[in-house]
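Colleague: Turn this into a structure:
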Amino acid sequence: MRGSPARVASLLILLAPALAGCGEGAPKQAAPAPPAVTVAKPSKQQVIDYDEYVGRFIAVDSVEIRARVSGYLEKVHFKDGQIVKQGDPLFNIDRRPFETAAAQARATLAQARANLAFTESDLTRASQLVRDRTITEQVFEQRTQAKRVAEASVAAQEAALRQAELDLQFTELKAPVTGRIGDRRVSEGNLVTGGTGGNTTLLATIVSIDPIRFEFTFDETSFLRYERLSKEGKDVASRSTGVEVAVKLIDEPDFTHAGKMDFVDNVIERASGTIRGRAVLANPNGVFTPGMFGRVRVPGSPPFEALLLPDNAIGSEQVRKYVLTVDGENAARTKYVTLGQLVGNLRVIKDGIGPDDRVIVNGLMRARPGTKVTPQEQSASPGTPQAKN
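Modeller: Sure thing, here's the model as predicted:
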């Protein structure tokens, strides 16, 4: 049955108080509390900016062992790859032909000395005869000339004997430096070509091990920065020797090997725009091997006071880095920062924040720029003083 409009309106008027009472009894939802975050002010610490370069180890001394005389290789005194000391015998060349040559040179020298003794006595007799007018001046001059020729002959034969004795000594090849020798290039019984020309036989190579050098190149901009800082008395990688550096190998996480700069080249390579630098390191256990790659860390600035934050407090926005700070009203604010090197577990902040900023160091994912947070104060730990990139 359909009701009239007047009856429907009256019914709604009667039900209105009951519906209003139902609405007043429903509980209200409480607003969520601001997320809790941990904030800390940046810590201050004296740090040094370091630059890293790739380089390789080179030997202080590298010597090719070549014979100075030709002959048959008679004996090899070392094992391939062993450590040899300066003066240790390495090779022997058959010395018999050189012993014969030395004996012949001694005999020729004795003959020349006998001839000189005869001409000296002959000249002594001629001196008396020329005074007595028994011989002419011409004969006296001839005997004087004969003595001079005999003296020259003795000098020549003495030189020939010294050369023969040197050749005899050259049949024994000794280590010129202390280091590690490579493999023998010629086996016993082979003919060795000696001398000073370009076609001599290479017998082996020796490289020194301790100390060892580390050679690297750096760009022209860095070179200018180092030189200007060095002129101001700052301890950086310049031509001044003794600057401390650190090296790590390709399988090592940290720069644990200490060394010192000992050389910077005098020219910049025109093709690459780089200049060569060199450091020297101790190598008592022989781990560093010539030709091995590594990374070197050199001081690129004088010590300065920097602000540091935990590395996990830094966020990324494409290519920019930022931190979230908390203002006086406990609202999160974004600040873009410029990063420096890592010092222990802290990151150097070069620009973007001040020493009194409260930075969110824990709970970064719970905070949103412009929203309220519940900050809990914490101090940033100083970290270790050793810096690395």
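Colleague: just the helices in the stretch 151-300 of the chain please.
Modeller: Secondary structure of the stretch 151-300 of the chain (DSSP state H, counting those that start in this stretch): helices at 220-231.
Colleague: in it, what spans have low per-residue confidence?
Modeller: By pLDDT under 70, the weakly predicted segments of the stretch 151-300 of the chain are 233-241.
Colleague: Alpha carbons only: can I get the strand ranked longest in the chain in PDB?
Modeller: In the chain, taking DSSP state E as the definition, the longest strand is strand 332-343. The C-alpha coordinates for strand 332-343 follow below in PDB (Å, rounded to 0.1, in the frame of the first residue of the first chain):
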ATOM      1  CA  ALA A 332      61.700  16.700   7.700                       C
ATOM      2  CA  ARG A 333      63.500  18.900   5.200                       C
ATOM      3  CA  THR A 334      65.700  17.900   2.200                       C
ATOM      4  CA  LYS A 335      69.200  19.200   1.900                       C
ATOM      5  CA  TYR A 336      71.400  18.400  -1.100                       C
ATOM      6  CA  VAL A 337      75.000  17.700  -0.200                       C
ATOM      7  CA  THR A 338      78.400  17.300  -1.800                       C
ATOM      8  CA  LEU A 339      80.200  14.200  -0.700                       C
ATOM      9  CA  GLY A 340      83.900  13.600   0.100                       C
ATOM     10  CA  GLN A 341      85.800  10.400   0.900                       C
ATOM     11  CA  LEU A 342      84.800   7.700   3.400                       C
ATOM     12  CA  VAL A 343      86.500   7.900   6.800                       C
END
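Colleague: Mind checking the pLDDT average for the helix or strand following that strand?
Modeller: Per DSSP states H and E, the first helix or strand lying C-terminal to strand 332-343 is strand 346-351. Confidence over strand 346-351, taken as the mean pLDDT, stands at 89.
Colleague: Show residues contacting the helix or strand just after strand 346-351.
Modeller: Scanning forward in sequence from strand 346-351 by DSSP H and E, the next helix or strand is strand 359-362. Residues from elsewhere that reach strand 359-362 (Cβ atoms under 8 Å, 6 or more residues apart in numbering): 37-42, 309-310, 312-313, 323-326, 332, 353, 367, 373, 375, 378, 380. Using the backbone N, CA and C atoms, a C-beta is placed for each residue, glycine as well.
Colleague: Which PyMOL command selects the buried ones in the residues you listed?
Modeller: Buried residues among the contacts of strand 359-362 (16 or more other Cβ atoms under 10 Å), as a PyMOL selection:
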select buried, resi 37+39+40+41+42+309+310+313+323+324+325+326+332+353+367+373+375+380
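Colleague: Taking strand 346-351 as reference, get the angle to the longest strand of the chain.
Modeller: 120 degrees (axes from the mean of the first three to the mean of the last three Cα atoms, to 10 degrees).
Colleague: related to what we said a few turns ago, now, the contacts of strand 359-362 that are in strands?
Modeller: Using DSSP E, the members of those that fall in strands are Val37, Thr38, Val39, Ala40, Leu309, Pro310, Val323, Leu324, Thr325, Val326, Ala332, Pro375.
Colleague: Test my guess that the first one contacts Gly363.
Modeller: Yes. With contact taken as Cβ atoms under 8 Å, Val37 and Gly363 are classed as touching, separated by 3.6 Å.
Colleague: Show me the common contact partners of those two, please.
Modeller: Applying Cβ under 8 Å, 6+ apart, one finds that Val37 and Gly363 are jointly contacted by Val373.
Colleague: tell me which of the ones in strands among the contacts of strand 359-362 is nearest to Thr338?
Modeller: For the ones in strands among the contacts of strand 359-362, the closest approach to Thr338 (Cβ to Cβ) belongs to Val323, at 11.3 Å.
Colleague: neighbours of the closest residue in space to the closest one that isn't next to it in sequence, just the number please.
Modeller: Leaving aside its sequence neighbours, Val323 sits nearest to Val359 (Cβ to Cβ, 6 or more residues apart in numbering; 5.1 Å). Close neighbours of Val359, defined as other Cβ atoms under 10 Å, add up to 25.
Colleague: pLDDT value on Val359, please?
Modeller: We have a pLDDT of 91 for Val359.
Colleague: Arg113 falls within a helix, correct?
Modeller: Yes. Per DSSP: H, G, I helix; E, B strand; the rest coil, Arg113 lies within a helix segment.
Colleague: residue contacts, it?
Modeller: Applying Cβ under 8 Å, 6+ apart, the residues contacting Arg113 are Val154.
Colleague: how close does it sit to Gln142?
Modeller: Distance, Arg113 to Gln142, using Cβ to Cβ, to the nearest Å: 21 Å.
Colleague: For Asp88, give its distance to Pro176.
Modeller: 10 Å.
Colleague: Actually, Ser153.
Modeller: Separation of Ser153 from Pro176 (Cβ to Cβ): 36 Å.
Colleague: Who has more neighbours out of the two?
Modeller: Set Ser153 next to Pro176 and count neighbours by other Cβ under 10 Å: Ser153 wins out with 18 against 14.
Colleague: The more buried one touches Phe118, doesn't it?
Modeller: No. Taking contacts as Cβ under 8 Å, Ser153 lies outside contact range of Phe118: 11.9 Å.
Colleague: Show me which residues of stretch 350-366 are buried.
Modeller: Neighbour-count burial for stretch 350-366, counted by 16+ other Cβ under 10 Å, picks out Gly352, Ile353, Asp357, Arg358, Val359, Ile360, Val361, Asn362, Gly363, Leu364.
Colleague: Actually, stretch 328-339.
Modeller: For stretch 328-339, by 16+ other Cβ under 10 Å, it's Ala331, Ala332, Arg333, Lys335, Val337.
Colleague: ok, and what's touching that stretch?
Modeller: By Cβ under 8 Å, 6+ apart, the surrounding residues in contact with stretch 328-339 are 34, 37, 314, 317, 320-327, 347-353, 357, 360, 367-375.
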